[in-house]
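**Student:** how would this look folded up:
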Amino acid sequence: MLRCAVREKALDSPATAEPELPRHPRLSQILEKNWQAEMAGYYTYRALAEREPEAGRKQTLEHMALAEKEHAALWAGRLRELGEPEPVYRGSTAGEADSLKTRVGGDDLALRRLEIDESRDIAKYSQQLKALGDTPSLAILNRVIEDEQDHYRELSGLIRRQKPMGGVRAAASNPQALLDQMLAKRNKGRAHAAGWIGDAIYGVNDGLGSIFGIVSGVSGATLGNSKWVLLSGLAGMIASALSMGSGAYLASKSEREIYEAELAREREAIAMNGAEARELLSLYYQVKGLPPQDADHMVDHIASDPEQMLRALAAERLNSTEDALSNPLTSAITGALSTAAGAFIPIVPFFFLSGYSAVIVSAVVSLVAHFAVGAAKSLVTVRSWWSSGFEMTFVGAVEGVVTYVIGLGLGRLGA
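**Tutor:** Numbering: from 1, shown residues only. Next up, the predicted model:
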């Protein structure tokens, strides 16, 4: 009897119960942030679904929106269990669907950003699995991670899946016409975002950085004498703009000339040994995963048109196409004007001020411009606008301080 009593007491003792995991000190804050993120995802997917014309894609986006809302409900329920008040959404009712980067880049770019965000959420929740010591929250995390992985795969399918298009059967007999139609629909009449926009951002950044350095150095050497700062700044602006414009023109023209020269060599090689060229193209396709018979069959079809054979082999060997080459004149104009625009910003305060006040205002204006240019880069990249903006601001600040100190030293030596 005594042994039984002892055994029953041991079974009822808290020491033998499953130990509670240590709770994270900021559990409620983390869960509230999770709720905010899921609600933002819900509104984003819902807004994109509302303006999606294709029924299949629309249904997929609506399904993902409902899943995000369910995730938010799970987090809200756990917060109530912890005695926290009902969370209040602080974002836009359109989520990220109506943000500047989405309006500029379009819904297709928004889907690519969401795909990246889903992968980041998976990584974030996986870290929380290790950090949070709350059993009910861990159960929610496991379910949410599984759903987010499904969302990532669904988004990948939406991005890479072709949309149904009218007139496909009529255009099927003319593949080039069909390709042009699909590209036009995909781009929606816009120029490729990474083309002139990227060149313009690079030009503004180059002009802003170089002239900010000149202005800082001359300000340090002359104690902010507006006359000398303006002269050096304007001269540097003109020189930078002309240098960038001519450099962009020559680089683009040289790239095109090199491509045309290589294309001529490929044409000559095909004419001299067509069998070797077909075998080479077949091997390229086999490396990409095609079975040898399928690759040979495809090459036989392509080789029936000599020009098509030339373009296909050149694309594989040169890793470029004629369509990917930039226009020299467009590159020159974009580079020159954007560089001049960026270079003019640090000079503006010296038209109205002088001395240290002009230096301070110029530094503030230039750093704000650095942040704006860095944030604008997020329109053609997948980085967050604040991360890109602060990175460029930090680089500009270091450049300004270094050149100002060098200018002070040179000014004292020349005194």
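**Student:** Counting neighbours, which bits of stretch 139-159 end up buried?
**Tutor:** For stretch 139-159, burial by neighbour count (16 or more other Cβ atoms under 10 Å) applies to I140, L141, V144, I145, D147, E148, H151, Y152, E154, L155, L158. Yep, even glycine has a C-beta here, placed from its N, CA and C like the rest.
**Student:** and the helix or strand in which the second one is found, what does it pack onto?
**Tutor:** With elements delineated by DSSP states H and E, L141 resides in helix 135-160, which encompasses its position. Counting contacts by 3 or more Cβ pairs under 8 Å, 6 or more residues apart in numbering; DSSP states H and E, the secondary-structure elements packed against helix 135-160 are helix 27-50, helix 55-81, helix 100-131.
**Student:** could you dump stretch 59-75 to PDB, C-alpha only?
**Tutor:** What follows is stretch 59-75, C-alpha atoms only, in PDB (Å, rounded to 0.1, in the frame of the first residue of the first chain):
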ATOM      1  CA  GLN A  59      -8.900  32.500 -57.700                       C
ATOM      2  CA  THR A  60      -5.400  31.700 -56.600                       C
ATOM      3  CA  LEU A  61      -4.800  35.200 -55.200                       C
ATOM      4  CA  GLU A  62      -8.200  35.100 -53.400                       C
ATOM      5  CA  HIS A  63      -7.200  31.700 -51.800                       C
ATOM      6  CA  MET A  64      -3.900  33.100 -50.600                       C
ATOM      7  CA  ALA A  65      -5.700  36.200 -49.200                       C
ATOM      8  CA  LEU A  66      -8.100  34.000 -47.100                       C
ATOM      9  CA  ALA A  67      -5.100  31.900 -45.900                       C
ATOM     10  CA  GLU A  68      -3.300  35.100 -44.700                       C
ATOM     11  CA  LYS A  69      -6.500  36.200 -42.900                       C
ATOM     12  CA  GLU A  70      -6.700  32.800 -41.200                       C
ATOM     13  CA  HIS A  71      -3.100  33.100 -40.000                       C
ATOM     14  CA  ALA A  72      -3.900  36.500 -38.600                       C
ATOM     15  CA  ALA A  73      -6.900  35.100 -36.800                       C
ATOM     16  CA  LEU A  74      -4.700  32.400 -35.200                       C
ATOM     17  CA  TRP A  75      -2.300  35.100 -33.900                       C
END
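**Student:** Mind checking the pLDDT average for it?
**Tutor:** Mean per-residue pLDDT for stretch 59-75: 88.
**Student:** hmm, who's touching it?
**Tutor:** 31-32, 34-35, 38-39, 41-43, 45-46, 48-49, 52, 87, 140, 143-144, 147, 150-151, 154-155, 158 (Cβ atoms under 8 Å, 6 or more residues apart in numbering).
**Student:** my guess is P306 meets R278, correct?
**Tutor:** No: P306 is beyond contact range of R278, at 11.6 Å (criterion: Cβ atoms under 8 Å).
**Student:** So for these two, which sits in the more crowded spot?
**Tutor:** Between P306 and R278, counted using other Cβ atoms under 10 Å, R278 has the larger neighbour count: 18 against 13.
**Student:** and the more buried one, what does it touch?
**Tutor:** Taking Cβ under 8 Å, 6+ apart, we find R278 in contact with D296, V299, D300, A303, M309.
**Student:** and with 6 Å instead?
**Tutor:** V299, A303 (Cβ atoms under 6 Å, 6 or more residues apart in numbering).
**Student:** Could you give the backbone dihedrals for it?
**Tutor:** Torsion angles at R278 (phi, psi; degrees, to the nearest 10) stand at phi -70, psi -40.
**Student:** Show the pLDDT at it.
**Tutor:** 83.
**Student:** do the same with A171
**Tutor:** 40.
**Student:** How many neighbouring residues does S254 have?
**Tutor:** 11.
**Student:** i'd like the first residue to be 12 from this point on
**Tutor:** In the new numbering, first residue 12, that becomes S265.
**Student:** And the helix or strand that it is a member of, how far out from the chain middle?
**Tutor:** Applying DSSP H and E as the criterion places S265 in helix 237-283. Chain-centre distance of helix 237-283: 26 Å, with Cα atoms, centre = their mean, to the nearest Å.
**Student:** gap between the residue lying closest to G102 once chain neighbours are set aside and A246?
**Tutor:** Distances taken as Cβ to Cβ, 6 or more residues apart in numbering place A51 nearest to G102, at 4.8 Å, with adjacent residues excluded. As for A51, its distance to A246 is 49 Å (criterion: Cβ to Cβ, to the nearest Å).
**Student:** So those two - more neighbours on which side?
**Tutor:** Between A51 and A246, counted using other Cβ under 10 Å, the more crowded position is A51 (20 against 12).
**Student:** so how far is R276 from E97?
**Tutor:** 70 Å.
**Student:** Who has more neighbours out of those two?
**Tutor:** Legend: neighbour count by other Cβ under 10 Å for E97 and R276, higher for R276 (13 against 8).
**Student:** mind checking how far that one is from Y100?
**Tutor:** From R276 to Y100 the distance is 61 Å (Cβ to Cβ).
**Student:** Check A84 too.
**Tutor:** 13 Å.
**Student:** tell me the contacts of L424?
**Tutor:** L424 touches nothing, counting by Cβ under 6 Å, 6+ apart.
**Student:** What helix or strand is it located in?
**Tutor:** Per DSSP H and E: helix 396-425 holds L424.
**Student:** Which secondary structure state does the residue nearest to K69 when sequence neighbours are not counted sit in?
**Tutor:** Excluding the flanking residues, the one nearest K69 by Cβ to Cβ, 6+ apart is E63, at 4.2 Å. Under the three-state scheme (DSSP: H, G, I helix; E, B strand; the rest coil), the conformation of E63 reads as coil.
**Student:** Just confirm E63 contacts R57, I think it does.
**Tutor:** No: counting by Cβ atoms under 6 Å, E63 stays clear of R57, with 10.7 Å between them.
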